[in-house]
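[1] A structural model of the following input is requested.
(chains A and B)
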2 protein chains.
Amino acid sequence: MSDATKRASDWLAKFGAALEKGDERAAAALFGEDSYWRDLVAFTWNIHTSEGRGQIAEMLSATLGHTKPTNFAIDGEATEAGGVTEAWFTFETATARGRGHLRLKDDGAWTLLTTAQELKGHEEKRGRTRREGVAHGVHEERQHWVEKKEQEAKELGYTKQPYVVIIGGGQGGIALGARLRQLDIPHIVVEKNERAGDSWRKRYKSLCLHDPVWYDHLPYMPFPDNWPVFSPKDKIGDWLEMYTRVMEVNYWSSTEAKSAKYDEAKGEWTVEVVREGKPVTLRPKQLVLATGMSGVPNIPTFPGQDRFKGDQMHSSKFPSGETYRGKKVVVVGSNNSAHDICADCCEHGADVTMLQRTSTHIVKSESLMKYGLGPLYSEDALANGIDHHTADLIFASIPYKVLPEFQKPIYAQIKEQDADLYDRLDKRGFMMDWGDDDSGLFMKYLRRGSGYYIDVGACELVADGKIGLRSGVTIEEITENGVKLDTGEVLEADAIVYATGYGSMNGWAAQLISQETADKVGKCWGLGSDTRKDPGPWEGELRNMWKPTQQEGLWFHGGNLHQSRHYSQFLSLQLKAREAGIETPVYGMKPVHHTA
Amino acid sequence: MSDATKRASDWLAKFGAALEKGDERAAAALFGEDSYWRDLVAFTWNIHTSEGRGQIAEMLSATLGHTKPTNFAIDGEATEAGGVTEAWFTFETATARGRGHLRLKDDGAWTLLTTAQELKGHEEKRGRTRREGVAHGVHEERQHWVEKKEQEAKELGYTKQPYVVIIGGGQGGIALGARLRQLDIPHIVVEKNERAGDSWRKRYKSLCLHDPVWYDHLPYMPFPDNWPVFSPKDKIGDWLEMYTRVMEVNYWSSTEAKSAKYDEAKGEWTVEVVREGKPVTLRPKQLVLATGMSGVPNIPTFPGQDRFKGDQMHSSKFPSGETYRGKKVVVVGSNNSAHDICADCCEHGADVTMLQRTSTHIVKSESLMKYGLGPLYSEDALANGIDHHTADLIFASIPYKVLPEFQKPIYAQIKEQDADLYDRLDKRGFMMDWGDDDSGLFMKYLRRGSGYYIDVGACELVADGKIGLRSGVTIEEITENGVKLDTGEVLEADAIVYATGYGSMNGWAAQLISQETADKVGKCWGLGSDTRKDPGPWEGELRNMWKPTQQEGLWFHGGNLHQSRHYSQFLSLQLKAREAGIETPVYGMKPVHHTA
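    Presented below is the predicted three-dimensional model:
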């Protein structure tokens, strides 16, 4: 046993003993001055980070009684680098089996991650415990697989009610649906498009995943090793459609959710949907909004907007650069969608101008992949024994409070590496930033979900002037034929595209349930970092995501493919526990500070 | 380095040196008296086993000149057990990189396997070399993935000719199609059904895979670990459909192949197909028949067959036991399909009788899984580090001549283990065998592709008398209302099902091309073991499967999922070499001894 392993094992032994004795003070004393305990559903039935010994003792005092943690054991060898000992471990609680990660410094634990991996008595059937499939032997009036499927399809939502209804059948709804199927939870995923995957197919033609394949796996069934690095949008659409089928997700396509209402007394939702033109009333106990981490499209208003004679649309409705060949397009905004759309126009011979109103964070895709994701999600990571399951937990082990410190050096390196591009953009007048504290793209994504472009080529077009640019301008009014800027300049336009982002996810709750409920649960996403578009106070976790909200039975699920994969696991365990009647005392519910 | 590793390394060093010197006698002298060299496409551009030093020297003398093998190197540690040293190794030839397996005894090599794994300059794009997917940067008039797909679909088979046409879009055609896509070979898979997977969906309801999941993976994309052990037929149908789409196989469903003709001068086929009602002429260089290892259904003729008033059908057309609820069914035959259909009838309240004409080999599915497949294909195998890629090569490393000796102890064990079942069947009068030489099921499968039932429950029904049984009988005639046996007994019947198997695959060549071509290539499958239904002389390999035939440009592909996966690799490399203009001198073509 190495010194590092001995040190981590000793710590875990003391920690386990303190917890089993119910001695929260002794347990908290094993943490350092600067310390964090991040818990995914194992202790808190919440996604919650306790910061410092005081908060840790407080959390334990509230949870130890029913959690009854035990069997802490190191898993594999610990490692040591730069004064930090790192180790994996396993443990149990009264209701679950868990896996955790520990970082030790001289004065005790620095970071601790505890995650529930499975509920006792409700283990997923995989590997050695997988289902038999066909029941061998003789069974009179045996129902075959396809007949069972047909019966389920006929009954569920009509004569039998699903326990969970998921609104939104994009990657988030599909990944969660697969997990619910695996946990035997009756569920329906409601999707307005005709086919799973259409949420990708129907976007503008040039859209592709800006994240590489190693980061994008769905639960249970990873992409094969001949899958391209960056999935074209229609290819990922096909994958999602097929995944939905083979994972046996109960997927209602061509179905629109009209309204939802919660009956507090019954603890039940009434969800009105229209399925292929026919109204159906669903009565689930749990309602998940998986309508994307983007909420309702933001369309700014400008004087004169109604007299414009050309096309006006939000970026989410942009068809293709081909549509505007030989025409003039003005794109309002300078983040991901704006760049993608400008490049698409440019490639198809449209005359396009980008209106940049505020600064944007720019990172080249290959640099992001190399410096940002590479250590955890890449062929190199795989060669180092880090598959995406391990990577997800390593990533989750870094508390959000500390994450910016992990991120800053990455972006400092990128800034130097790609200085030439940044120079040329700067010369062109393009306004850039690196986040309020230079912590870069991923923090911007977590704090506000916007404010950046992952460069897959459009920056060169901006730098070269092939994409026209007006920076630091505001729109004074829209004329019949174009856009008038505060500088007095009038840009002629056949089309105006508003690449102006989206509202908070609780906007969907306002549309579907009520403004009152939307306000009650409050803003989704963001950490309370007190940076631009992410007002404080500090929350420690993403607001309302994958965890209980102030509205009983209402959940939010969304994010990129990585988050959909990883956090759907913990959301599915929370839902399973409730369906199975396991007590789930939630610790650390935060008050609502912002309604949108 | 262990003694075993040193011994294997030394042998490989001497062997490599002899080959590099072109000294076939020195190389052959390194083999034992009783020795085998099985080559999959690396030395022989064939699937070929050389038996004994003489044949080995002969093969080398014919192939060394152009093969130019080099860089033999042990891969990992060798092992030693029972006087046999085993080792993995890698090597190269002038055109390919290969992987091999060696078994050494005291007097030299006992078995040697050499396999081509990839062609130099035509490596598959996987892992680190996977495609980028989306070309970043700016590309005027860029064609997106979906547009390229649409263009290919529009052109291929019309204005552009595929290099390969595969007739038959079941598991075999699909697996091969996936490999051809991966090797950038323009191909079309022709399938008469509407959807990929229909070849499973359209069979009788109770059909399921009799092989477990670990044995059944397709190339590139294994089943996920929540996949059931035995796939229900409709579920495997869905998987095949999904696989076809995400692997981007060019799949022409609802297309019937009408005729094919080879132009020797042009080296080109003319294949007439009808696609969704419209005739299309395809002109590929290579034609693959992947119509299943089963050939054309065998329907025996009996006097009076035409006056029978009920339903008569081949087992491949049997709908469901449900159809014959409360009715009388006679099933002619006693192998897999006969048992499945009798059980299905029984479960649905039909009165069913099995007519057994000759003896059948019976093995319980769970015993086959435990003793037969378990060491290579199971969760235990995975825990021992044997995934299906490794398992396939271990399995391939055992020469067919020696395989019965490996198989006999397995079945001796099963015979003892399941003695009770065999006893009860015997008491009922059910006639059983274990193959001519007691080598059991897999040898029967290889030799004749028939003659057994993998028991998933029907045997109990036979033993209990719930399935009626008449053994050792022949049918004298069919009456208006039933079947008259040679014993004088008349069995009343509402339906007669002929579970009487299939002809040789070259029957498809007779139907599609000509009887002359079918006779020219001769019987497919079987080893020439001089056992029942597998007449000699000894061939050493399966006749005509996955390797060049006597008809240039004509190939046969088929078998279970394991074989489709494994041998499609070597067939795809042979096709790629020809498409790329690599010289492929075929060694060891066998003369045709049997036409059907």
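[2] Residues contacting the helix or strand of chain A with the lowest mean pLDDT, please?
    The weakest-scoring helix or strand in chain A, judged by mean pLDDT, DSSP states H and E, is helix A:198-201 (a mean of 89). Helix A:198-201 is contacted by residues A:169-171, A:191, A:193, A:195, A:207, A:233-234, A:236-237, A:240, A:253, A:292, B:146 when judged by C-beta atoms under 8 Å, 6 or more residues apart in numbering or on different chains. In this view, the C-beta of every residue, glycine as well, is placed from N, C-alpha and C.
[3] Nearest to residue A:68, out of the residues you listed: which one, please.
    Of all the contacts of helix A:198-201, residue A:68 sits closest to residue A:171, with 36.1 Å by C-beta to C-beta.
[4] What's the local residue count around residue A:202?
    Neighbourhood size, residue A:202 [other C-beta atoms under 10 Å in any protein chain shown]: 17.
[5] Give me the local confidence score for it.
    At residue A:202, the pLDDT value in this model is 85.
[6] Residue A:231 too?
    Residue A:231 is assigned 89 on the pLDDT scale.
[7] what about the helices in the stretch 301-450 of chain A?
    Along the stretch 301-450 of chain A, the segments classed as helices by DSSP state H, counting those that start in this stretch run A:336-347, A:365-367, A:379-383, A:388-396, A:403-417, A:419-428, A:441-447.
[8] for those, which one ends up most surrounded?
    Highest mean neighbour count of the helices of the stretch 301-450 of chain A: helix A:336-347, a mean of 26 (counted as mean count of other C-beta atoms under 10 Å in any protein chain shown).
[9] Briefly note if that helix comes near chain B.
    Yes - interface with chain B: helix A:336-347 contributes A:343, A:346, A:347 (C-beta under 8 Å from any C-beta of the partner chain).
[10] Hmm, residue A:460 and the second one touching each other?
    Spelled out, it's residue A:346. No - Residue A:346 is not in contact with residue A:460 according to C-beta atoms under 8 Å; the separation is 10.2 Å.
[11] Just put the residues of helix A:336-347 next to chain B in TSV and tack on distance to residue B:515 and pLDDT.
    As requested, those are exported to TSV (distance: C-beta to C-beta, whole Å; pLDDT from 0 to 100):
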residue	distance to residue B:515	pLDDT
A:343	61	94
A:346	62	93
A:347	57	89
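[12] Run a quick neighbour tally on the residue lying closest to residue A:161 once chain neighbours are set aside.
    Counting by C-beta to C-beta, 6 or more residues apart in numbering or on different chains, residue A:283 is the residue found nearest to residue A:161 once chain neighbours are left out, at 4.8 Å. Using other C-beta under 10 Å as the criterion, residue A:283 is surrounded by 14 other residues.
[13] I figured residue A:283 was touching residue A:272, is that so?
    No - here residue A:283 does not reach residue A:272: they are 10.5 Å apart, not a contact under C-beta under 8 Å.
[14] Give me the pLDDT value at residue A:138.
    Model confidence at residue A:138 (pLDDT) stands at 67.
[15] between the residues of helix A:336-347 next to chain B, which is closest to chain B?
    Closest approach between the residues of helix A:336-347 next to chain B and chain B, by C-beta to the nearest C-beta: residue A:347, at 5.3 Å.
[16] correct me, but the closest one touches residue B:139?
    Yes - contact criterion C-beta under 8 Å: residue A:347 and residue B:139 qualify, at 6.4 Å.
[17] Residues in contact with stretch A:478-485: which ones?
    Residues outside stretch A:478-485 that contact it (C-beta under 8 Å, 6+ apart): A:302-305, A:307-310, A:312, A:328, A:330, A:332, A:355, A:470, A:473-477, A:490-493, A:496.
[18] which parts of it are buried?
    Within stretch A:478-485, the residues that count as buried by 16 or more other C-beta atoms under 10 Å in any protein chain shown are A:478, A:479, A:482, A:483, A:484, A:485.
[19] Tell me which of those residues fall in strands.
    Applying DSSP state E to the buried residues of stretch A:478-485, the entries found in strands are A:478, A:482, A:483, A:484, A:485.
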